[in-house]
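Trainee: Got a predicted structure plus its sequence, pasted below:
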Amino acid sequence: MTRADLGKDPSQVSAMFDRVAARYDRTNNLLSVGNAPLWRVATTRAVDPKPGERILDVAAGTGTSSASLAKSGASVVAADFSPGMIDVGRRRQAHVSNLVFVEADATKLPFADGEFDAVTISFGLRNVNEPKLALAEFFRVTKPGGRLVICEFSTPPVGFVRFGYGMYQRYVMPPLVRLSSSNDDAYEYLNESINAWPDQHELAAWIREVGYREVAWRNLMMGVVALHRARKPLATA
């Protein structure tokens, strides 16, 4: 079986990302029509990392977003469950002294309670087999008063944008994947995972359920992507 199904078996999804690791960043830049770096900038600004802070970047992949966060002087931990992604990331980001890579499952993070000033995940939560459990883990490792930032594909609120994006996924994305990726099946899975993912309102409700407050989101690219933000209360029950 070469394509993980929407059951998101962790071993299958991890192996899938291992296979695409070498060309992952290049393919993402192509499929996003050059918007991936802009989304990264928006996410980094939302996290607002500061020197001396400790930041956790979950599903960090090759560490491109982690390196952006580390430019602030914050200490950044790039966590991913794909050994292939971690290997590529360690090589590519070897020059970033305040960035470390850790192989970790988002639903069972190997970190202490309240260890991080901010937790962020970009385009990875929908690939977790139990996303609500992952959100609860993010809450656990966030310091009281700390921040959560999630950048993820979402649902455009305007009908014609949804239609146009659907046409792009169906007719434009497949040939682009064949040109740039080493694994067509992996990106077919990713397409399916985008379509099955909840919209902005539902994800915000999930974030509130685990205990975060001040939950808000901002649509990017007319809602194709949404940037959710939240804060852990200073006092938790």
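Mentor: Good, I have the coordinates.

Trainee: For the protein, which segments count as strands?
Mentor: 54-58, 75-80, 99-103, 116-122, 142-153, 213-220, 225-231 (DSSP state E).

Trainee: tilt between the longest one and strand 54-58?
Mentor: Note on geometry: by axes from the mean of the first three to the mean of the last three CA atoms, to 10 degrees, strand 142-153 and strand 54-58 are set 40 degrees apart in direction.

Trainee: buried ones in strand 142-153?
Mentor: 142-143, 146-153 (16 or more other CB atoms under 10 Å). (Glycine included, C-beta is placed from N, CA and C.)

Trainee: Next, format the residues you listed as a markdown table and append distance to Ala134 and pLDDT.
Mentor: Shown next, in a markdown table, are the buried residues of strand 142-153 (distance: CB to CB, whole Å; pLDDT from 0 to 100):
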| residue | distance to Ala134 | pLDDT |
| --- | --- | --- |
| Thr142 | 13 | 98 |
| Lys143 | 18 | 97 |
| Gly146 | 16 | 98 |
| Arg147 | 16 | 98 |
| Leu148 | 11 | 98 |
| Val149 | 14 | 98 |
| Ile150 | 10 | 98 |
| Cys151 | 15 | 95 |
| Glu152 | 12 | 94 |
| Phe153 | 16 | 90 |
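
Trainee: ok, which pair from these is furthest apart?
Mentor: By the measure CB to CB, Lys143 and Phe153 form the most distant pair in the buried residues of strand 142-153, at 28.1 Å.

Trainee: And Tyr165, how close does it get to Ala204?
Mentor: With distances taken as CB to CB, to the nearest Å, Tyr165 is found 21 Å from Ala204.

Trainee: swap in Phe160?
Mentor: Taking CB to CB, one finds Phe160 at 24 Å from Ala204.

Trainee: One more: Val225?
Mentor: Distance of Val225 to Ala204, computed by CB to CB: 15 Å.

Trainee: ok, those two, which is more surrounded?
Mentor: A side-by-side neighbour count of Val225 and Ala204, using other CB atoms under 10 Å, places Val225 first with 23 against 20.
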